[in-house]
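S.K.: coordinates only, sequence not included:
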């Protein structure tokens with residue numbers, strides 16, 4: 001089946017108009033893509049500004065946000081442990097929870113660090129040590145909205161990457177091409193795009209030497225050992241020299257800059273805008289990336305401010321991963337943050353294919369439609385119900401936050417059950433339901449067993465004793481619809 005991207009518009013800044021107003025739907029669309037949803041206060045605050053101002057504020061905040069403080073075990077080696085197996089399990093869990101908490105609260109900064117986790121893939125199962133996991137994740141955070149060329153240079157020297165893609169085994173005596181191939185195929189150029197097998201082989205020789213490690217005290221740094229480096233002349237992208245690691249990165253960006261920028265901007269586009277790419281938009285974004293010396297922030301600003309981004313045809317086109325899907329729900333209802341719950345969500349996502357620190361393989365999670373199959377669909381719906389039940393129990397067997405959510409959504413209009421029901425549906429889904437009968441079915445669920453005359457004579461409103469339970473059942477109903485999977 002062939003899918004077509006019907007979105008129009010360019011990268012010119014979106015200017016609201018009568019036909020394309022800056023409204024709640026578009027504000028929700030922005031927050032779902034630029035971070036993982038926004039609560040009602042954030043959405044209302046956004047609507048008091050221009051979209052241009054909102055995007056600038058979010059991107060600038062991401063740039064200015066300091067790195068997460070390092071744990072006390074950030075540099076630990078094997079000799080620092082007294083109970084190795086139990087301690088490393090605790091540390092892995094601790095830092096997974098830390099990152100999940102950051103993903104929920106840090107907006108674009110960790111939205112992007114999580115994106116790069118699925119680009120510069122490593123698997124914790126391969127490298128094993130918490131110190132190496134922390135150093136890898138901290139680098140994702142450091143360069144999340146930073147300089148892509150610097151990012152590429154530094155990621156290849158992390159112990160997590162050197163071990164996962166066999167750089168530590170790559171010596172002048174025994175060439176291993178694994179990282180060289182993935183550097184081009186996945187991380188910068190794209191499959192079979194501007195490189196040859198000779199380029200891969202010669203690059204692998206240039207990358208040799210990063211092999212020094214204390215095998216009797218793992219967890220420490222991996223450093224360069226000149227005796228394992230191949231000093232011979234190598235020809236890469238038609239250029240010959242006694243190239244080493246830094247030379248490879250410089251050659252790559254000098255000789256293949258257009259291909260790199262288009263590959264990376266294409267991936268950003270498919271992840272944040274539409275899985276069916278618009279080639280002209282990607283070409284224009286790539287020019288912005290190159291013109292700004294590989295800085296990512298200008299690209300993100302132009303993309304999220306653009307009239308193309310806010311086109312109706314780009315709203316509700318993406319199926320988010322399990323973690324992103326659940327965190328967006330938490331944000332949009334306005335639940336208070338709960339670190340324990342965020343970890344439970346992460347562990348639950350692991351059971352259905354999204355294990356933090358362990359993407360599927362070096363190509364990462366395939367994303368979008370791959371997140372949904374029959375078991376996963378029902379699991380995702382069940383998690384929404386379980387989240388509401390979790391807060392019900394946590395808050396002393398009350399679900400008053402759902403009453404507050406509904407009242408904030410409709411303001412003073414707390415007596416009109418039809419408008420309340422529609423407002424909740426339209427808030428939780430990108431484009432609402434498609435037909436009136438779908439809204440009618442949802443209204444039946446919302447009204448429950450309350451007699452109809454209570455709604456007609458004014459007896460019922462959102463202050464009614466069982467109104468929070470009605471909101472609970474309505475949300476549960478909405479989460480069972482395919483439209484709810486789209487963001």
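M.R.: That came through, no problem. No experiment lies behind these values; they were computed from the predicted model shown.
S.K.: burial count for residue 440?
M.R.: Residue 440 has 12 neighbours, counted by other CB atoms under 10 Å. (Each C-beta comes from the backbone N, C-alpha and C, glycine too.)
S.K.: sec struct for it, please.
M.R.: Of the three states, residue 440 takes helix under DSSP: H, G, I helix; E, B strand; the rest coil.
S.K.: report the contact partners of it.
M.R.: Applying CB atoms under 8 Å, 6 or more residues apart in numbering to residue 440 gives no contacts.
S.K.: for residue 137, the count of nearby residues, please.
M.R.: 27.
S.K.: tell me if it really is in a helix.
M.R.: Yes. Counting by three-state DSSP, residue 137 is found in a helix.
S.K.: contact partners for it?
M.R.: 95, 99, 113, 117, 357.
S.K.: format these as TSV; extra columns: neighbour count, distance to residue 426 and pLDDT.
M.R.: Shown next, in TSV, are these (neighbours: other CB atoms under 10 Å; distance: CB to CB, whole Å; pLDDT from 0 to 100):
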residue	neighbour count	distance to residue 426	pLDDT
95	22	38	98
99	26	32	98
113	24	31	98
117	23	32	98
357	20	36	98
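S.K.: and those, which is closest to residue 344?
M.R.: The closest of the contacts of residue 137 to residue 344 turns out to be residue 99 (CB to CB; 14.6 Å).
S.K.: so what does that closest one have for phi and psi?
M.R.: Phi and psi for residue 99, reported as degrees, to the nearest 10, are phi -70, psi -40.
S.K.: if I look at the nearest residue to it once chain neighbours are set aside, how far off is residue 117?
M.R.: The spatial neighbour of residue 99 that comes closest, neighbours along the chain excluded (CB to CB, 6 or more residues apart in numbering), is residue 137 at 6.0 Å. Remark: distance between residue 137 and residue 117 (CB to CB, to the nearest Å) = 8 Å.
S.K.: name the residues contacting each of the two.
M.R.: With CB under 8 Å, 6+ apart, residue 137 and residue 117 have common neighbours residue 357.
S.K.: give me the neighbour count for residue 184.
M.R.: When neighbours are counted by other CB under 10 Å, residue 184 comes out with 25.
S.K.: surely it touches residue 199?
M.R.: Yes. In terms of CB atoms under 8 Å, residue 184 counts as a neighbour of residue 199; the distance is 7.1 Å.
S.K.: which parts of the stretch 251-400 of the chain are helices?
M.R.: 257-272, 279-291, 296-305, 322-333, 339-351, 374-394, 400-410 (DSSP state H, counting those that start in this stretch).
S.K.: just checking, what packs against the second one?
M.R.: Secondary-structure packing of helix 279-291 (3 or more CB pairs under 8 Å, 6 or more residues apart in numbering; DSSP states H and E): helix 257-272, helix 296-305.
S.K.: what do you get for the fourth one?
M.R.: Identification of packing neighbours for helix 322-333 by 3+ CB pairs under 8 Å, 6+ apart yields helix 24-34, helix 84-105, helix 339-351, helix 374-394, helix 400-410, helix 417-428.
S.K.: of all the ones you listed, which one is nearest residue 165?
M.R.: helix 84-105 (20.5 Å).
S.K.: immediately after the closest one, which helix or strand?
M.R.: Downstream of helix 84-105, the next assigned helix or strand under DSSP states H and E is helix 108-117.
S.K.: which parts of that following helix are buried?
M.R.: 108, 109, 110, 111, 112, 113, 114, 115, 116, 117 (16 or more other CB atoms under 10 Å).
S.K.: same question for stretch 441-456.
M.R.: By 16+ other CB under 10 Å, the buried positions in stretch 441-456 come out as 442, 443, 445, 446, 447, 450, 455.
S.K.: so which of the residues you listed sit within helices?
M.R.: 442, 443, 445, 446, 447, 455 (DSSP state H).
S.K.: let me have those in TSV, extended by pLDDT and distance to residue 75.
M.R.: Shown next, in TSV, are these (pLDDT from 0 to 100; distance: CB to CB, whole Å):
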residue	pLDDT	distance to residue 75
442	98	54
443	98	59
445	98	54
446	98	55
447	97	60
455	96	64
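S.K.: which one of those residues is nearest residue 404?
M.R.: residue 446 (16.8 Å).
S.K.: show me what contacts the closest one?
M.R.: Residue 446 touches 417, 420, 421, 470, 471, 473, 474, 477, counting by CB under 8 Å, 6+ apart.
S.K.: looking at these, spot the one nearest residue 267.
M.R.: Checking those one by one against residue 267 (CB to CB), the nearest turns out to be residue 477, at 35.4 Å.
S.K.: now do the nearest residue to that closest one once chain neighbours are set aside against residue 472, distance only.
M.R.: Once flanking residues are discounted, residue 477 sits nearest to residue 445: 4.4 Å by CB to CB, 6+ apart. From residue 445 across to residue 472, the span is 10 Å (CB to CB).
S.K.: what does residue 181 give?
M.R.: On the measure of CB to CB, residue 181 and residue 472 end up 51 Å apart.
S.K.: what does residue 248 give?
M.R.: In terms of CB to CB, residue 248 sits 56 Å off from residue 472.
S.K.: likewise residue 121?
M.R.: 38 Å.
S.K.: of those two, which one has the most company?
M.R.: residue 121 (22 against 18).
S.K.: which residues does that one contact?
M.R.: Neighbours of residue 121 in contact, by CB under 8 Å, 6+ apart: 164, 186, 359, 361, 362, 363, 364.
S.K.: most neighbours, which of the residues you listed?
M.R.: That'd be residue 164 among the contacts of residue 121, by other CB under 10 Å, with 23 neighbours.
S.K.: that residue touches residue 127, doesn't it?
M.R.: Yes. Using CB under 8 Å, residue 164 makes contact with residue 127 at a distance of 5.8 Å.
S.K.: what helix or strand is the residue nearest to residue 203 when sequence neighbours are not counted on?
M.R.: Among residues not flanking residue 203 along the chain, residue 180 sits closest, at 4.1 Å (CB to CB, 6+ apart). Assigned by DSSP H and E, residue 180 belongs to helix 178-182.
S.K.: avg pLDDT for that helix?
M.R.: For helix 178-182, the mean per-residue pLDDT is 98.
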